[in-house]
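Student: Sequence isn't available, so here's the structure alone:
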Ligand code: PMP
């Protein structure tokens with residue numbers, strides 16, 4: 001298949017990068033778009049958009065089924081994408097990469113297979129106070145079914161995990177620890193390596209929700225030594241509806257299938273069915289072929305950039321915005337961890353976050369408002385919700401300025 005080529009390697013030049021994301025040129029309400037909702041979903045480079053068009057224009061055929069050329073092209077591109085994902089997160093083996101719909105499905109897959117298989121009455125699963133609902137509810141459903149218990153790592157006011165409390169929670173009843181790499185609401189970067197080491201000392205496996213991490217840092221699952229790692233394509237400049245579950249082969253091989261259907265079987269009879277090898281054992285039915293290929297193209301795109309430079313640029317925006325916001329009367333930033341990604345959640349005294357979000361939208365600034373699928377965290381802070389600005393590599397410092405100016409203006413109007 002003629003893969004859509006990403007442009008040649010480039011140094012970190014925001015103007016060049018922005019040219020690859022055509023949507024950033026649009027206007028909203030007659031104002032230039034300032035897109036600061038990257039933690040919800042990122043925009044897509046032209047190469048990812050082109051890969052969709054190319055697939056449906058030239059190669060569309062089901063995978064793993066046909067003997068004809070188009071099916072072979074489609075299958076090869078799908079398989080190649082799995083290899084790209086493997087290399088991107090430094091997984092030992094591409095059999096350990098399972099394509100899913102996204103982080104949510106990856107976590108549900110583990111809770112429905114590993115969880116159902118291993119968790120019994122009286123067992124415990126550890127999550128943290130700052131988890132997204134996607135890393136709470138699947139475990140809660142499982143605990144409800146198994147009469148097991150969900151234990152929660154507490155946090156401090158800054159939004160950092162209390163590691164001493166975490167250590168106390170680990171015990172012989174713990175069947176799994178599942179925590180987020182980066183909090184989508186607070187921006188906290190959790191010490192996942194240490195979390196994993198501590199659990200492994202007690203032979204407890206660890207799942208990491210990497211939804212917010214993969215677009216902002218080099219994730220190395222081998223170095224982390226995590227047992228499962230979940231992420232979504234759409235938050236790392238790839239398509240929606242495609243995500244990844246990385247799992248160590250030893251676990252994936254022992255786990256029962258997630259869904260039954262085509263492709264995941266070896267032999268089927270009415271008396272007995274045997275299952276295929278990993279990863280296909282976990283990929284029943286026709287997968288999101290175009291999405292998987294598009295994710296591979298997003299990875300190609302990211303591979304041409306330097307994560308250290310991305311990090312440096314994002315930290316500049318974060319620190320500048322934080323300093324400016326701290327000067328605005330009535331603004332309270334929620335999540336002030338020492339180790340933070342480019343996410344700022346905040347509330348403004350006397351102003352409803354939703355009103356602020358709507359007002360900012362009229363000025364062209366797209367931010368998120370509400371609970372960010374972290375209701376228990378909002379309850380912990382005793383707040384109904386926040387406004388959240390989240391920066392990505394393609395945002396400019398000038399956009400941070402527009403955001404700050406617009407915020408001040410919105411506050412003066414709404415107060
Ligand atoms: N976990 C975290 C930390 C997230 O930020 C999100 C998306 N907001 C999810 C899980 C769920 O991701 P998805 O909706 O792509 O499945």
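Tutor: Here it is on my side, so go on. Predicted model only: the values in this text are computed from it and were never measured.
Student: Check which helix or strand the residue of the chain most remote from its centre maps to.
Tutor: Largest separation from the mean C-alpha position in the chain: residue 271, at 40.3 Å (Cα atoms, centre = their mean). Counting by DSSP states H and E, there is no helix or strand that carries residue 271.
Student: before we move on, what about residue 344?
Tutor: Assigned by DSSP H and E, residue 344 belongs to strand 343-348.
Student: Now do that strand: which elements does it pack against?
Tutor: Applying 3 or more Cβ pairs under 8 Å, 6 or more residues apart in numbering; DSSP states H and E, we find strand 343-348 packed against helix 307-326, strand 331-334, strand 386-390. Backbone N, C-alpha and C define where each C-beta goes, glycine included.
Student: circling back to that earlier point, from residue 240, how far off is the residue farthest from the centre of the chain?
Tutor: According to Cβ to Cβ, to the nearest Å, residue 271 and residue 240 sit 40 Å apart.
Student: Kindly report the same for residue 305.
Tutor: Per Cβ to Cβ, residue 305 is found 22 Å from residue 240.
Student: now do the same end-to-end measure for stretch 164-176.
Tutor: End-to-end distance for stretch 164-176, by Cα to Cα, to the nearest Å: 18 Å.
Student: quick one: pLDDT of residue 61?
Tutor: Residue 61 is assigned 96 on the pLDDT scale.
Student: That one looks like it's in a strand, true?
Tutor: No: using DSSP: H, G, I helix; E, B strand; the rest coil, the assignment for residue 61 is coil, not a strand.
Student: Which residue, other than its chain neighbours, is closest to residue 413?
Tutor: Leaving out its chain neighbours, the residue that sits closest to residue 413 by Cβ to Cβ, 6 or more residues apart in numbering is residue 359, at 6.4 Å.
Student: In terms of helices and strands, where is the one you found?
Tutor: Assigned by DSSP H and E, residue 359 falls within helix 353-362.
Student: Tell me the buried residues in that helix?
Tutor: With burial defined by 16 or more other Cβ atoms under 10 Å, the residues of helix 353-362 counted as buried are 353, 356-357, 359-361.
Student: now for it, which elements pack on it?
Tutor: For helix 353-362, the elements it packs on are strand 368-370, strand 386-390, helix 397-414, judged by 3+ Cβ pairs under 8 Å, 6+ apart.
Student: quick check, distance from the shortest one to the centre of its chain.
Tutor: I take that to be strand 368-370. On the basis of Cα atoms, centre = their mean, to the nearest Å, strand 368-370 sits 18 Å off its chain's mean C-alpha point.
Student: Relative to that strand, what are the paired strands and their orientations?
Tutor: Partners of strand 368-370 in the sheet, by DSSP bridges, are strand 386-390 (antiparallel).
Student: Now do the partner strand against strand 343-348: the angle between them, please.
Tutor: Here strand 386-390 runs at an angle of 150 degrees relative to strand 343-348 (axes from the mean of the first three to the mean of the last three Cα atoms, to 10 degrees).
Student: Nice, that's everything, thank you.
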